[in-house]
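Q: Model the structure of this input:
(one chain, ligands or ions: 2)
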Amino acid sequence: MSKLRVAVLGARGRIGSEAVRAVEAADDLELVAALGRGDKLETLVEAGAEVVVELTTPASVMGNLDFCVRHGIHAVVGTTGWTDERLAQLHTSLAASPRTGVLIAPNFSIGAVLTMKFSEAAARWFESVEVIELHHPGKADAPSGTAHRTAQLIAAARTAAGSGPQPDATVTALDGARGADVDGVPVHSVRLRGLLAHQEVILGAEGETLTIRHDSLHHSSFMPGILLGVRRVVSAPGLTFGLEHFLDLG
Ligand SMILES: NC(=O)C1=CN([C@@H]2O[C@H](COP(=O)(O)OP(=O)(O)OC[C@H]3O[C@@H](n4cnc5c(N)ncnc54)[C@H](OP(=O)(O)O)[C@@H]3O)[C@@H](O)[C@H]2O)C=CC1
Ligand SMILES: O=C(O)C1=N[C@H](C(=O)O)C[C@H](O)C1
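A: Ligands and ions are numbered 1, 2, ... in the order given. Sure thing, here's the model as predicted:
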């Protein structure tokens, strides 16, 4: 059986360099290009890449995806910074290339995907909920894409359940003390030497709290999800948002 031809964009970065090693180690995949900033995207076409793994920066991802989609190259995207406007732009590009698949995964680790699922399921049962994400100090964006998505899912679940606004009697606060407001859910970002990628969702009701915590201790935690995405995206045309759509979570 022929191997799937895979390229990595952001190949010299923290997660990109790990992805290069993971693709090289997979028997059914062939690494045909490993590009960093300044390298020509045309190399992807010359190398015959069928799938690109996009792990760059929010400033680069849209241009890279536009090129891939125009050339019918499927993409597995871990880069953060997704807004409704950006997703709408991507939908428009994909409409002109209907056989191309793009997976955007706010987080490729199974534990993080489950954290989002569990938080969404728990949200309706608790009056209060806050998200704390903790990352290495080299991270460019805050809050993390995972925390943003988690808060959106929690907020949607609360709305669907008819939950009211969260109790909070704060009258005065220093700027930032109550975190960022994502659809009514406070999200707090910690940047600390020694950490990699961690998240806690704390839910509270009268007399009890529930804490759902996930820790990525090494970039290897993201690799099974990236490889699954690469193998599945070739037969999933259009936009898939979230790795959970490629997992059988019951
Ligand atoms: N979904 C998930 O599970 C995960 C997502 N991420 C996300 O992935 C992204 C990268 O994270 P991380 O590896 O830590 O960041 P790094 O800064 O370590 O890596 C990004 C790399 O992309 C390169 N780059 C920038 N622009 C381009 C371009 N146009 N073409 C090719 N390469 C480019 C950078 O080069 P230079 O250094 O020269 O600027 C750098 O080497 C972030 O958005 C992060 O949040 C990270 C981990 C897991
Ligand atoms: O930059 C990182 O490191 C990570 N980015 C993603 C995010 O913003 O959620 C995924 C994971 O948290 C690691």
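
Q: the strands in this protein, which residues?
A: Applying DSSP state E to the chain gives strands spanning 4-9, 29-35, 51-54, 74-77, 101-104, 128-135, 180-182, 185-191, 197-205, 208-216, 238-241.

Q: The third one pairs with which strands, parallel or anti?
A: If I follow you right, that is strand 51-54. strand 4-9 (parallel), strand 74-77 (parallel) (DSSP bridges).

Q: how about it, does it reach ligand 2?
A: No - using Cβ under 6 Å from any ligand atom, strand 51-54 stays clear of ligand 2, with a minimum separation of 12.9 Å. Every residue, glycine included, has its C-beta placed from N, CA and C.

Q: gap between that strand and the chain center?
A: Distance, stretch centre to chain centre, for strand 51-54: 14 Å (Cα atoms, centre = their mean, to the nearest Å).

Q: what's next to that strand, contact-wise?
A: 4-10, 16, 19, 23, 44, 61, 64-65, 68, 73-79, 226, 229-230, 233-234 (Cβ atoms under 8 Å, 6 or more residues apart in numbering).

Q: Weed out the non-buried ones from those residues.
A: 4-10, 16, 19, 23, 44, 61, 64-65, 68, 73-79, 226, 229-230, 233 (16 or more other Cβ atoms under 10 Å).

Q: and the gap between the nearest residue to Arg70 once chain neighbours are set aside and ligand 2?
A: In space, and not counting its chain neighbours, Arg70 is closest to Ser97: 6.7 Å by Cβ to Cβ, 6 or more residues apart in numbering. Between Ser97 and ligand 2 the distance is 26 Å, computed by Cβ to the nearest ligand atom, to the nearest Å.

Q: same check, this time on Val20
A: From Val20 to ligand 2 the distance is 16 Å (Cβ to the nearest ligand atom).

Q: Could you report the neighbour count for that residue?
A: Using other Cβ atoms under 10 Å, Val20 is surrounded by 21 other residues.
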